[in-house]
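Asker: next one to model:
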Amino acid sequence: MSGKVVSINISDKKGIRKKPVDEAVINENSGIQGDAHASSKWHRQVSLLGLESIKKMQSMGLDVKPGDFAENITTEGIDLLALPIGTRMKIGDEVIGEVSQIGKECHNRCAIYYQAGDCVMPKEGIFIKILKGGKIKNGDNIAVMFKKPEEAYC
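Answerer: Now for the predicted structure:
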């Protein structure tokens with residue numbers, strides 16, 4: 001299974017729409033350099049949401065685009081919700097992430113909900129922990145790597 005990076009998005013504060021950038025440095029066990037969610041203190045270091053989810057919201061009449069749901073990486077062509085926790089993926093030539101959470105619980109309606117009218121991130125977004133850092137750019141491939149019994153990864 002593979003897909004591609006459609007948009008890389010960052011913000012300096014949590015809970016707001018993110019702004020697109022052409023490329024980014026992702027730090028091992030932290031996340032995207034310059035993004036408010038980057039931290040070694042938790043497992044939700046980088047968030048991913050499919051362009052397919054955004055298009056679904058657009059078809060409902062919402063004026064939304066990549067980054068509006070506060071996702072760090074907007075993907076295309078990959079069924080993110082089909083990836084079990086522990087699945088590893090290679091993003092671009094260097095970065096390796098491991099799925100650490102599928103969806104999230106929203107206790108309160110955040111600013112994104114009020115700005116966009118709804119939020120698909122809690123239902124259709126995933127989170128990864130960064131095992132190996134590097135540089136990524138828009139258009140990079142995302143290759144899903146599955147765990148082998150001997151703990152090796154292809």
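Asker: quickly find the element holding the closest residue in space to Lys135 that isn't next to it in sequence.
Answerer: Of all residues not flanking Lys135 in the chain, Val25 sits nearest, at 5.5 Å (C-beta to C-beta, 6 or more residues apart in numbering). Any C-beta I mention is one placed from the backbone N, CA and C, and that applies to glycine too. Assessed by DSSP states H and E, Val25 sits inside strand 23-27.
Asker: tell me what that strand is packed against?
Answerer: In terms of contacts (3 or more C-beta pairs under 8 Å, 6 or more residues apart in numbering; DSSP states H and E), strand 23-27 is packed against strand 2-10, strand 31-32, strand 134-137.
Asker: can you list the buried residues in that strand?
Answerer: 24, 26-27 (16 or more other C-beta atoms under 10 Å).
Asker: just the CA trace of it, in CSV.
Answerer: The C-alpha coordinates for strand 23-27 follow below in CSV (Å, rounded to 0.1, in the frame of the first residue of the first chain):
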residue,chain,number,x,y,z
GLU,A,23,8.9,21.1,2.7
ALA,A,24,9.7,20.4,6.3
VAL,A,25,12.3,18.8,8.6
ILE,A,26,10.9,16.0,10.8
ASN,A,27,12.9,15.3,14.0
